[in-house]
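# Need coordinates for the below:
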Amino acid sequence: MTHPVPIHFRPVDLDQLPHLPGRIAVLADTAKSLSAGLRRLDRLTKGAILRFLNSEAFGRLKPGEAVELAWPAGLLAEAVQIIRLPRRADVAQARKAGGAIGRALSPSGTTVLVEGHAMAAEIAFGTAMRAYDFSAHKTGERKEAGPVQFMAANPEALAVAAAPGAAVAEGVFFTRDLVNEPANILTTYDFAARLAAMQELGLDVEILEEEQLAKMGMGALLGVGQGSESPSKVVVMQWHGGEKGAAPFALIGKGVVFDTGGISIKPAAGMEDMTMDMGGAGVVAGVMRTLALRKAKANVVGLVGLVENMPDGRAQRPGDVVRTMKGDTVEVINTDAEGRLVLADVLWYAQERFKPVGMINLATLTGAIIIALGHENTGVFSNNDDLCNAFLKAAKAEGEGAWRMPMGDAYDAKLKSRIADMMNVGGRDGGAITAAQFLQRFVKPETPWCHLDIAGTALLKSDSMLAPKGATGWGVMALNRLIREKFEGK
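Down below sits the predicted model:
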């Protein structure tokens with residue numbers, strides 16, 4: 001898997017500056033207030049730093065944005081990257097600054113002169129997050145980033161402050177790798193094996209196979225995958241970091257490793273992106289990895305339903321009726337509305353077995369949520385204001401866009417079937433909402449629950465502040481924070 005770029009923390013040594021190769025990144029607030037490092041660089045470059053800080057170009061920079069001075073006189077370095085960052089920067093500005101650094105790491109090495117900046121740990125986190133590069137399937141010479149060192153006034157304290165962020169970045173990268181992988185690599189077999197390998201981190205991992213799922217009555221989930229050569233699976237990951245015997249918090253993810261739409265087949269254009277239809281399961285896996293790496297003091301269980309939605313002679317047909325683990329029957333109107341069928345059985349199983357204190361499911365569930373919210377926000381649906389508000393607060397603190405959507409009986413009525421207990425779709429209008437209403441039918445009234453529709457945020461066609469084009473890992477940061485603040489007491 002891809003690991004975050006190693007960042008080393010060193011004491012400030014301004015005498016090294018003339019001899020450093022690669023790129024030197026420095027933080028600047030105003031031309032009137034220069035740090036010791038900026039003053040030294042200004043002398044070495046015969047006033048080039050101060051001239052730039054007094055220019056209109058620097059004045060136009062927003063906090064966290066950067067400009068490079070290439071091959072500055074008086075330095076061995078190939079460039080000095082100047083990042084505008086207020087001394088009292090907030091978390092988002094500091095991570096943006098780190099993102100600017102991570103986007104431009106040099107193969108010859110990068111030195112970041114943070115000195116005593118209060119947000120140095122967040123800058124380091126942003127640097128690691130943006131330096132991600134998924135290149136597992138590229139051949140030829142790779143230009144990997146050289147050594148990255150942060151020169152800080154107190155490097156030992158900075159290393160301690162940055163450690164939790166390193167665990168989060170590792171979880172985000174695990175999620176991104178899963179979402180970016182092509183479906184001929186990330187089969188249900190391979191996905192389950194990658195999750196099983198996390199036992200070495202202290203997670204308890206079980207893989208439930210089709211025969212077991214059939215005995216438990218998971219007819220909805222099994223119906224989705226019956227047209228594929230790859231067997232359907234449910235993987236259960238448990239982290240026991242809290243009070244012994246206490247009920248866990250549950251995370252449930254949709255893991256459709258490839259979605260053709262089944263017999264209700266999707267258009268060819270853009271179908272290649274359906275390798276990301278396991279994004280919900282990928283986020284659950286990334287959160288569980290983060291919790292294990294940072295030894296979270298909470299009990300959390302992550303469950304993912306792994307299937308492939310393919311059309312063949314055994315595939316589920318429109319008009320079929322399946323029986324869920326709960327016992328309810330579903331008329332399958334559209335085989336491309338398969339994710340909710342997977343989640344229905346896994347949600348019910350999670351409640352029956354673990355009786356969680358609450359649960360959140362994640363899924364790249366509907367195109368309708370992209371029409372509603374674009375790619376800036378995940379759609380949030382919930383039956384519990386306390387859990388929903390806690391999640392929205394955590395998402396806002398981490399800079400991960402999330403917006404609560406409505407639910408109600410009028411939407412639920414659209415799922416009425418003539419021949420079964422319900423249909424799996426309720427028409428085009430309000431499609432993201434009726435999908436949430438379907439899922440709520442498999443949530444017990446006493447269980448606090450949120451449904452996160454990440455169809456618009458799991459994978460982007462352009463760069464973002466902390467990620468290159470492709471998988472974002474959206475949700476790992478917010479869910480990790482939610483668990484820390486709501487279930488760990490800090």
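
# Show me what counts as buried in stretch 182-189.
Using 16 or more other Cβ atoms under 10 Å as the test for burial, stretch 182-189 gives 183, 186-188. Any C-beta I mention is one placed from the backbone N, CA and C, and that applies to glycine too.

# Any idea how far that stretch is from the middle of the chain?
Its chain's average C-alpha position is 19 Å from that of stretch 182-189, according to Cα atoms, centre = their mean, to the nearest Å.

# Tell me which residues are up against it.
137, 178, 225, 228, 230-233, 255, 257-258, 274-275, 278, 306-308 (Cβ atoms under 8 Å, 6 or more residues apart in numbering).

# re earlier: will you turn the buried residues of stretch 182-189 into a markdown table that also has pLDDT and distance to A268?
Below are the buried residues of stretch 182-189 laid out as a markdown table (pLDDT from 0 to 100; distance: Cβ to Cβ, whole Å):
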| residue | pLDDT | distance to A268 |
| --- | --- | --- |
| A183 | 98 | 15 |
| L186 | 98 | 21 |
| T187 | 98 | 22 |
| T188 | 98 | 24 |
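
# wait, which of the residues you listed is closest to I7?
Nearest to I7, judged by Cβ to Cβ, of those is L186 at 28.6 Å.

# and the closest one, that's in a helix?
No: L186 sits outside any helix when classified using DSSP: H, G, I helix; E, B strand; the rest coil, being coil.

# Roughly how far does it sit from V234?
17 Å (Cβ to Cβ, to the nearest Å).

# Please apply the same query to D429.
D429 sits 33 Å away from V234, taking Cβ to Cβ as the criterion.

# Also H8?
41 Å.

# Can you pick out the residue with more neighbours from the two?
Legend: neighbour count by other Cβ atoms under 10 Å for H8 and V234, higher for V234 (26 against 12).

# Now do the contacts for the nearest residue to the more buried one once chain neighbours are set aside.
In space, and not counting its chain neighbours, V234 is closest to L208: 4.3 Å by Cβ to Cβ, 6 or more residues apart in numbering. With contact taken as Cβ under 8 Å, 6+ apart, L208 is in contact with 216, 233-236.

# Sitting in helices, which of these do you find?
Judged by DSSP state H, the subset of the contacts of L208 located in helices is M216.

# Format the contacts of L208 as JSON lines; extra columns: pLDDT.
Formatted as JSON lines, the contacts of L208 follow (pLDDT from 0 to 100):
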{"residue": "M216", "pLDDT": "98"}
{"residue": "K233", "pLDDT": "98"}
{"residue": "V234", "pLDDT": "98"}
{"residue": "V235", "pLDDT": "99"}
{"residue": "V236", "pLDDT": "99"}
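
# Please identify which two of the contacts of L208 are farthest apart in space.
Applying Cβ to Cβ across the contacts of L208, the maximum distance is between M216 and V235, 14.4 Å.

# Give me the more crowded residue out of those two.
Per other Cβ under 10 Å, whichever of M216 and V235 has more neighbours is V235, with 27 against 18.

# isn't that one right next to V301, touching?
No: applying Cβ atoms under 8 Å as the test, V235 and V301 come out as separate, 11.0 Å apart.

# Return the residues in contact with the closest residue to T290 other than its chain neighbours.
Nearest residue to T290, sequence neighbours excluded (Cβ to Cβ, 6+ apart): G171, at 3.2 Å. Applying Cβ under 8 Å, 6+ apart to G171 gives the contacts 286-290, 293, 473, 476, 480.
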